[in-house]
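Colleague: This is a predicted model, with the sequence first.
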Amino acid sequence: MTLWPDVEGVSGAEEVEHTADRAFRIRGRNLRQLLERAAQVLIVLEGEPLARKCFVQRVIEVEGTDRETLLVNWLNEILYLEQTHQEIYHHCLLQDVTDHHLRAQLYGRPADHNIASAKAVTFHNLEVKESSEGLEATVVVDV
């Protein structure tokens, strides 16, 4: 049994009430799983299904001074690439993950409509915490 109910098919995640923005709580056995689930939830919150045929692949590297900064930079890089290239990503594969760096592949497709994505992922009350299950964090997204 998972600690939180699924957010549209993403285990280890739940949407959290927030007055002006959207927020979600995620957990993972390790940092890699936490980052993967955060990307999946971001896709779901933007209204895109997780399983779609992918025609686009992007390799990206993201840096952060700590796990919190890495998490925010990772999710904001996804938003930036979606807007810049007018693409929608449905899947990610993290290849190299440390507390300060990640290398990943994003898989997606060209957008067939204007992307009404979130503006940015914020640092508001963000903390990656250790738990008995691994790691957990609550992420606030400016919409």
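Modeller: Structure's in. What do you need?
Colleague: hang on, residue 27 in a strand?
Modeller: Yes - under DSSP: H, G, I helix; E, B strand; the rest coil, residue 27 falls within a strand.
Colleague: does it really touch residue 138, like I thought?
Modeller: No - counting by CB atoms under 8 Å, residue 27 stays clear of residue 138, with 10.1 Å between them. Quick note: C-beta positions are derived from backbone N, CA and C, even for glycine.
Colleague: contacts for stretch 24-43?
Modeller: Residues outside stretch 24-43 that contact it (CB atoms under 8 Å, 6 or more residues apart in numbering): 3-4, 7, 10-16, 45, 50, 67, 70-71, 74-75, 78-79, 88-90, 92, 94, 97-99, 102, 118, 121, 128, 131, 133-139, 141.
Colleague: Which ones among those residues lie within helices?
Modeller: Of the positions in the contacts of stretch 24-43, 45, 67, 70-71, 74-75, 78-79 sit in helices, assigned by DSSP state H.
Colleague: Could you identify the least confident member of these?
Modeller: Here the lowest pLDDT out of the ones in helices among the contacts of stretch 24-43 sits on residue 45, with 75.
Colleague: what's around that residue, how many residues?
Modeller: When neighbours are defined as other CB atoms under 10 Å, residue 45 has 20 of them.
Colleague: Distance-wise, check it relative to residue 22.
Modeller: 6 Å (CB to CB, to the nearest Å).
Colleague: Wait, a helix at residue 37?
Modeller: Yes - judged by three-state DSSP, residue 37 forms part of a helix.
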